[in-house]
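S.K.: What follows is a predicted protein model with its sequence.
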Amino acid sequence: MTDDRLAAADLARDPSIVAVGWSRPVDGDRLECTLCPRACRLHDGQRGLCFVRGRAGATMVLTSYGRSSGFCIDPIEKKPLAHFLPGTPVLSFGTAGCNLSCAFCQNWSISKSREMDTLADRATPAAIAEAAVQTGCRSVAMTYNDPVIFYEYAADVAVACRSRGLKTVAVTAGYITDAARAPFFAHFDAANVDLKGFTEDFYRTVCGGHLQPVLDTLQYLVRQTRVWTEVTTLLIPGLNDGDAELERLARWYFETLGPDVPLHFSAFHPDFKLLDRPRTPPATLRRARRIAKEAGLRHVYTGNVHDPAGDATVCHGCGTVLVARDWYEVLQYRVRADGACPECGTHCAGVWEASAGSWGRKRVPVRVGEAA
């Protein structure tokens, strides 16, 4: 926890500080956050580890409501989502802070920021939805840092987007309590969940968290919701890329989530506090993909490397390439609107349309709202 002090008076003078729920009194004079498994117990004025949620007087507050670290139009494949409206543009944004402390964080300037001036833009939920409509985006993604920690802002943005016919995407570590999980994901149409490794030791020592809540989130999303779900694991040489761990991950994935939930293996590059590890060799990603496919997973992708075979969506019935990609650009699209293969009729799980979008690999920053 940090002692960047919060005061009850801040609620009256700063519109980005709003009272929130997901708390309960404990230990007489503390307020416990019940949103994430960290369960930060706060005295008056303290912030939780995520930095953006804290206590002001007797109230739990969110300090980043309506403020963003920036907006950008991305290809949906960059989230990454391979089976959700391929080729379409998505308006992406984040805020600041995170409820994990991953030593390898590749968005650390945003997710681990302790400077509120990182939040350069003020934007209402309605303004975000309007910007997405005006720029031709099909969806809005809450990403760069985890939308769980800005729950109330994320939920309001999702409501505004749905009212304009837009889809909503959560890019998340899935580190959320059982109680908060269902109401949070009720606001989203798709999610990419980071499964950062497959041992408790990795989560505890490298990420500052625990594995089981993430597994619970994945099981909930796939078994109990209609949220289209894909999963990403960043492979770090020597830490979470061993054959035994990958085999356990793939076996659990197949038995628990099933063969049709896409899994992305992504390449690590040295960043933040983990500068002593080499980049992930492409061969490691190919090996992980082979292990996962041998375990029965039908749709396994590679990321952060140039690998057309690892980018392609292939019919598991006849082997026809349904979607060919080069990095984030769709080169060929043969999926029928109902998700069927045109050659053999086998259904490919996902959210498909009769044709792919044509956004390509462009990344276009945009200004939404006003400067903070």
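M.R.: Received, thanks.
S.K.: Quick check: phi and psi at Thr313.
M.R.: Backbone torsions of Thr313, given as degrees, to the nearest 10, read phi -100, psi 120.
S.K.: give me the number of residues near the residue nearest to it when sequence neighbours are not counted?
M.R.: Closest residue to Thr313 apart from its sequence neighbours, by CB to CB, 6 or more residues apart in numbering: Val323 at 3.9 Å. Quick note: C-beta positions are derived from backbone N, CA and C, even for glycine. For Val323, the count of nearby residues is 23 (other CB atoms under 10 Å).
S.K.: need the helices for the stretch 101-250 of the chain, in chain order.
M.R.: Assigned by DSSP state H, counting those that start in this stretch, the helices in the stretch 101-250 of the chain fall at 108-111, 125-134, 151-163, 178-185, 200-202, 212-224, 243-256.
S.K.: mean confidence score for the last one?
M.R.: Predicted confidence along helix 243-256 averages 98 (mean pLDDT).
S.K.: returning to that earlier point: which of the helices of the stretch 101-250 of the chain sits closest to His299?
M.R.: Nearest to His299, of all the helices of the stretch 101-250 of the chain, is helix 243-256, at 11.3 Å by CB to CB.
S.K.: Any buried residues in the closest one, and which?
M.R.: Glu245, Leu246, Glu247, Leu249, Ala250, Tyr253, Phe254 (16 or more other CB atoms under 10 Å).
S.K.: now the angle between helix 212-224 and that helix, please.
M.R.: 30 degrees (axes from the mean of the first three to the mean of the last three CA atoms, to 10 degrees).
S.K.: by contact count, what packs against helix 243-256?
M.R.: Secondary-structure packing of helix 243-256 (3 or more CB pairs under 8 Å, 6 or more residues apart in numbering; DSSP states H and E): helix 212-224, helix 282-294.
S.K.: Put the alpha carbons of the biggest strand by length in the chain into CSV.
M.R.: If you go by DSSP state E, the chain has its longest strand at strand 228-235. The C-alpha coordinates for strand 228-235 follow below in CSV (Å, rounded to 0.1, in the frame of the first residue of the first chain):
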residue,chain,number,x,y,z
TRP,A,228,-16.4,-14.7,-26.2
THR,A,229,-13.1,-15.7,-24.5
GLU,A,230,-9.5,-16.1,-25.7
VAL,A,231,-6.4,-16.6,-23.6
THR,A,232,-2.9,-15.3,-23.8
THR,A,233,0.3,-16.7,-22.1
LEU,A,234,3.5,-14.7,-22.4
LEU,A,235,6.3,-17.2,-22.5
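S.K.: List the neighbouring strands of that strand plus their orientation.
M.R.: strand 190-194 (parallel), strand 263-267 (parallel) (DSSP bridges).
S.K.: Mind putting those strands into JSON lines with mean pLDDT and mean neighbour count?
M.R.: Formatted as JSON lines, the strands paired with strand 228-235 follow (pLDDT from 0 to 100; neighbours: other CB atoms under 10 Å):
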{"stretch": "strand 190-194", "mean pLDDT": "98", "mean neighbour count": "24"}
{"stretch": "strand 263-267", "mean pLDDT": "97", "mean neighbour count": "23"}
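S.K.: need the ones you listed in TSV with distance to Gly317, can you?
M.R.: Formatted as TSV, those follow (distance: least, CB to CB, whole Å):
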stretch	distance to Gly317
strand 190-194	24
strand 263-267	19
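S.K.: closest to Thr284 out of those strands?
M.R.: Closest among these, once you apply CB to CB, is strand 263-267, at 7.8 Å.
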